[in-house]
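Visitor: Any chance you can model this:
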Amino acid sequence: MKKNPCNVVTSWPLKSGIGSGVAVVAEAVHRLLREEGYDAELINPDFRSEGYFASSLKRVMFNRSINAKIALSGRRCVAFDIDGFSFPHQVRFASINGGTLRDIVRFETGVVRRVLETLALLEKKACERAEVVFAPSLYAREKICSMYGIDPEKVKLMHNGIFFDEFRSSIERAAIKKERPPTVVAVARLYKRKGIDALIDIWPEVLSRFPTALLRIAGGGLEYEALQKLIKEKRLADSVILEGEVLDQEKLASLYANCDVFCLPSLHETFGIVYLEAMAAEKPVVALNCTAVPEVVRDGTDGFLVEPGDMKSLTERIILLLGDRDLSMKMGLAGMERVKRNFDWRDVVKPLTGWLES
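Guide: Numbering: from 1, shown residues only. All right, here's what the predicted structure looks like:
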C-alpha cells in the first residue's frame, strides 16, 4: 500500500545545469519519497532556464497556474523557496528553503537585485504560510527566522545530501588520466557571490609555483561572459578552462576524479552540495570560513577554510595541497568518510518524512 499521497512542487527548471541547488534537492526529495513508498507526484515546469528576469517571472506565473490542481488533489505539498506563496489556504505544505533570498540580495545589483527583492517577499510569504519550514543549515535557519520573522519553533533543520553509493560508483567508473597537470576544480552556478573571479585573480600566484597547473570551472550563469573576459585580460586562456553547463553526471564525475583540489571561495552558501560531492570524491576542499560552509567542511580535517578577503591564505592553501600529496589524500579520505556517515540523502530526509506522517 502506498503511503500518504503528496505533491513535490518546484517552479525551478530541473535541467538547469550544475550548481542549480533547488533542482537537485527537488529531484532528490521526489525520488526518495517514491522509494520510501509515498504516492509522490512531481509538479514542475517544462520551460528552459534563460535570463534571470524571464525565468523568475515564469516561476511566479507557474505558482499561480497550479493552484487549482493543488487544491483539487487534496494532497499535502512539499514546496521549495518561493513555491507555495499563493497556494490556497486549505493546502497543508512544508517549505524547503535552500536560499534565503533576502540574505542573497546584498550580493547583487541592478535588475538582478530588484528581482531578488521581489522574490524575497514571495519567499517570506511562503515561509509564513507553510506549516513547517525546513532549512539545510543552522546558518540558514537563523536567517529565515531573523530576516522573515518566522517563529524558530516552526523552522526545522534538514541537511542537504547526496546519493553516496551512486556518486562513489560514478567516481570509480571515471577514466583517470595518468598524465595530467596539477588540477584545481570549481563547480558552481556562476553568480558573483560564488567568488570565481577571486579564484581567477589568484591563479597567476598558483602558476608561479606550479607552472603547468590547470583550473577547470564547471557551471553556467550570469557571470560567464565576465569571467571569460577576465581570463582573457589576465592571459590565462591556456591554464583556466570554463567548462560551461555540465548536464552529464558522468562528465561531472570525471572532473572531480581528475583533480587534486576542489576550491570554491563562495561568499554565501546556505549549505553547498558541491562541497559534499568533492569530499565524496576524496578531494580536499579549500573554501571560505563564512555562512554555512563551516557546517559542511571541517577546517584542517576535510580541507582548509580561510577568512573572506584573505587571498594570500587562499593561495597558500591551494599551493600547499597541490604540493603535499599525503596531506591531500588524508583530508580527502576524512571528507569522504564524513559524507558517507552524515550526508546520505536517505538519512537526511527523515525530518520531512516525519512531517508527512504526522
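
Visitor: so what's Met1 scoring on pLDDT?
Guide: Here, the pLDDT recorded for Met1 equals 55.

Visitor: Apologies, that question was intended for Ala40.
Guide: 97.

Visitor: Just the element for it, please.
Guide: Element membership of Ala40 [criterion: DSSP states H and E] is strand 38-43.

Visitor: now swap in Ala253 and tell me
Guide: Per DSSP H and E: helix 249-257 holds Ala253.

Visitor: so for that helix, what's the average pLDDT?
Guide: Here helix 249-257 scores 95 as its mean pLDDT.

Visitor: for the longest helix along the chain, packing partners?
Guide: For the chain, the helix that runs over the most residues, judged by DSSP state H, is helix 110-129. Counting contacts by 3 or more CB pairs under 8 Å, 6 or more residues apart in numbering; DSSP states H and E, helix 110-129 is packed against helix 52-65, strand 93-96, helix 101-104, helix 138-148. From N, CA and C alone the C-beta is placed, and that goes for glycine too.

Visitor: Make CSV out of the ones you listed and add distance to Asn289 and mean neighbour count.
Guide: Shown next, in CSV, are the helices and strands packed on helix 110-129 (distance: least, CB to CB, whole Å; neighbours: other CB atoms under 10 Å):
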stretch, distance to Asn289, mean neighbour count
helix 52-65, 29, 16
strand 93-96, 26, 24
helix 101-104, 17, 20
helix 138-148, 12, 20
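
Visitor: could these go into TSV alongside distance to Leu190 and mean pLDDT?
Guide: Converted to TSV, those look like this (distance: least, CB to CB, whole Å; pLDDT from 0 to 100):
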stretch	distance to Leu190	mean pLDDT
helix 52-65	12	91
strand 93-96	24	98
helix 101-104	14	96
helix 138-148	21	97
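
Visitor: Reformat those as a markdown table; add distance to His30.
Guide: Below are the helices and strands packed on helix 110-129 laid out as a markdown table (distance: least, CB to CB, whole Å):
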| stretch | distance to His30 |
| --- | --- |
| helix 52-65 | 16 |
| strand 93-96 | 11 |
| helix 101-104 | 22 |
| helix 138-148 | 21 |
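
Visitor: To Trp12, which of these lies closest?
Guide: Comparing the helices and strands packed on helix 110-129 against Trp12 with CB to CB, the closest turns out to be helix 52-65 (6.8 Å).

Visitor: so how far is the closest one from its chain's centroid?
Guide: With CA atoms, centre = their mean, to the nearest Å as the basis, helix 52-65 stands 21 Å off its chain's centre.

Visitor: Keeping just the C-alphas, turn that helix into CSV.
Guide: Once non-C-alpha atoms are left out, helix 52-65 reads as follows in CSV (Å, rounded to 0.1, in the frame of the first residue of the first chain):
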residue,chain,number,x,y,z
TYR,A,52,17.2,35.8,-14.8
PHE,A,53,14.3,38.2,-15.1
ALA,A,54,12.4,36.0,-17.6
SER,A,55,12.9,32.8,-15.6
SER,A,56,11.9,34.5,-12.3
LEU,A,57,8.7,35.8,-14.0
LYS,A,58,7.9,32.3,-15.3
ARG,A,59,8.4,30.8,-11.9
VAL,A,60,5.9,33.2,-10.3
MET,A,61,3.4,32.5,-13.1
PHE,A,62,3.9,28.8,-12.7
ASN,A,63,3.0,29.0,-9.0
ARG,A,64,-0.3,30.7,-9.8
SER,A,65,-1.1,28.4,-12.6
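
Visitor: show me where this structure has strands.
Guide: Using DSSP state E, the strands of the chain run over residues 3-9, 38-43, 76-80, 93-96, 132-135, 155-157, 183-187, 214-218, 240-244, 261-264, 285-288, 303-306.

Visitor: Now tabulate those in JSON lines and tack on distance to Asn67.
Guide: Formatted as JSON lines, these follow (distance: least, CB to CB, whole Å):
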{"stretch": "strand 3-9", "distance to Asn67": "11"}
{"stretch": "strand 38-43", "distance to Asn67": "11"}
{"stretch": "strand 76-80", "distance to Asn67": "11"}
{"stretch": "strand 93-96", "distance to Asn67": "12"}
{"stretch": "strand 132-135", "distance to Asn67": "20"}
{"stretch": "strand 155-157", "distance to Asn67": "25"}
{"stretch": "strand 183-187", "distance to Asn67": "36"}
{"stretch": "strand 214-218", "distance to Asn67": "37"}
{"stretch": "strand 240-244", "distance to Asn67": "36"}
{"stretch": "strand 261-264", "distance to Asn67": "37"}
{"stretch": "strand 285-288", "distance to Asn67": "40"}
{"stretch": "strand 303-306", "distance to Asn67": "43"}
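
Visitor: Can you say which of the ones you listed is nearest to Ile273?
Guide: strand 183-187 (9.3 Å).

Visitor: Restricting to C-alpha, output that closest one in CSV.
Guide: Presented in CSV, the C-alpha positions along strand 183-187 are these (Å, rounded to 0.1, in the frame of the first residue of the first chain):
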residue,chain,number,x,y,z
THR,A,183,44.5,20.5,-11.3
VAL,A,184,42.0,22.5,-9.3
VAL,A,185,38.3,22.3,-10.0
ALA,A,186,35.4,24.6,-9.1
VAL,A,187,31.8,23.7,-9.6
